[in-house]
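Student: Give me the fold of what follows.
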Amino acid sequence: MSRRAHSIEIFGEVVGPSCHKTFNIPIGQLYTHTDIAIPVQVVNGKSGGPVLLICAAIHGDELNGVEVVRRVLSAPWLKNLRGTLIAVPMVNVLGIIQRSRYLPDRRDLNRCFPGSEKGSLGGRIANLFVQEILSKSQYAIDLHTGAIHRSNMPQIRVHLENEQAAQLAQAFGVPLVIDAPIRDGSLRGAGDDLGIPIITYEAGEALRFDESAISAGVKGVRNVMTHLNMLPPRKTGKQKPPSFVAKSSSWVRAPADGLFRIKLQLGDRVSRGDVVGIIDGPLGGSEIPVLAPFAGIVIGNTNLPLVNEGEALLHIARFEDIDDVETVVDEFRQEFDGIY
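Tutor: Alright, predicted model coming up:
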């Protein structure tokens, strides 16, 4: 028997059962006296269930999540929703306008939580988001990409000591899970303080749409909603492959200055001592091999060939069952055929 649906109120707006509503949460004005607001859509099912938040662009140059949210909201399967979906495609609206990771004062919004109503610009936005959005949720998926000039293999970052969050990470359904401790000032930290499990989806590159990352993200959100019984089970005979937790991960750094020619793709397996790329000068003749310091799977890389000594080039994750991980990653890349 379905649970009784309830209304939900956000920033004074009430959304009843079997309704959806789009509204804006004002955060201030531009210098031009133009009002700025965070767009929010709430979809309330006809029967009761959990309240899930999906949000994107806490960093204003990370755009894949914006498209993930849009596609989820337009998906035909959403009509079967039980419970409530809170969708916020652009948290850092000011960063989006400037195509920047940061707020206008160069603060990182994901280091401003839980914020304060009398603090910095970032602190005020964070406080408003926590009070009006996050606190009304029971679970959350935070959508991110790699930084500018960097790409991430689709992966989930989660604090595995939080059992509920760890279950969401496995339910999302991408091959790789990184055990990421809570950082001070992060949205995950604010959720942890409120008892709200949050997972972070990382995929693709800043300021770019990546179809593989977006498609995998939409599927992952649907998987989590199914896991939470917000959607009926999918009628497929195919079993979801497992997600593997990395033992650790670290970046391979440039041993010299020059032009970097990468030899690998995201998701490739490397062995200790493999040549992962070459650094050379613009005139050639000074090739320096970049070697993998340990075995693992490439989960991130730079897309900018211009490098200085010490810069991060490739992010490699270590796994215990490397053969199994490689198999699942290859299947994933075939399903979401793109750059991976």
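
Student: so what's the residue nearest to residue 312 when sequence neighbours are not counted up against?
Tutor: Spatial nearest neighbour of residue 312, chain neighbours left out: residue 251 (4.0 Å); criterion: CB to CB, 6 or more residues apart in numbering. Glycine gets a C-beta too; all of them are placed from N, C-alpha and C. Residues counted as contacts of residue 251 (CB atoms under 8 Å, 6 or more residues apart in numbering) are 300, 312-316.

Student: repeat that for 7 Å
Tutor: Contacts for residue 251 were tallied using CB atoms under 7 Å, 6 or more residues apart in numbering; they are 312, 314-315.

Student: now residue 306
Tutor: Per CB under 7 Å, 6+ apart, neighbours of residue 306: residue 259.

Student: For it, list each beta-bridge partner.
Tutor: residue 259 (DSSP bridges).

Student: Just confirm residue 294 contacts residue 271, I think it does.
Tutor: No - if you go by CB atoms under 7 Å, residue 294 and residue 271 don't touch, sitting 8.8 Å apart.

Student: Among these two, which residue is more densely surrounded?
Tutor: residue 294 (14 against 10; other CB atoms under 10 Å).

Student: Report the secondary structure state of the more buried one.
Tutor: Assigned with DSSP: H, G, I helix; E, B strand; the rest coil, residue 294 falls in the coil class.

Student: Distance-wise, check it relative to residue 270.
Tutor: 8 Å (CB to CB, to the nearest Å).

Student: Overlap in contacts, those two.
Tutor: Common neighbours of residue 294 and residue 270 (CB under 7 Å, 6+ apart) are residue 316.

Student: show me where the chain has helices.
Tutor: 64-74, 93-98, 121-132, 163-172, 187-194, 211-227, 322-335 (DSSP state H).

Student: the inter-axis angle of the last one versus helix 211-227?
Tutor: Translated: helix 322-335. Between helix 322-335 and helix 211-227, the angle comes out at 110 degrees (axes from the mean of the first three to the mean of the last three CA atoms, to 10 degrees).

Student: Buried residues, helix 322-335. List them.
Tutor: Neighbour-count burial for helix 322-335 flags 322, 325-326, 328-329, 332-333 (criterion: 16 or more other CB atoms under 10 Å).

Student: In CSV: these, plus distance to residue 101 and pLDDT.
Tutor: Formatted as CSV, the buried residues of helix 322-335 follow (distance: CB to CB, whole Å; pLDDT from 0 to 100):
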residue, distance to residue 101, pLDDT
322, 33, 96
325, 30, 96
326, 32, 96
328, 31, 96
329, 28, 96
332, 27, 95
333, 27, 93
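
Student: Just give me the closest of these to residue 56.
Tutor: Residue 56 lies nearest to residue 332 out of the buried residues of helix 322-335, by CB to CB, at 21.4 Å.

Student: now the closest one: how far from residue 63?
Tutor: In terms of CB to CB, residue 332 sits 22 Å off from residue 63.

Student: same deal with residue 41?
Tutor: Counting by CB to CB - residue 41 and residue 63 are separated by 18 Å.
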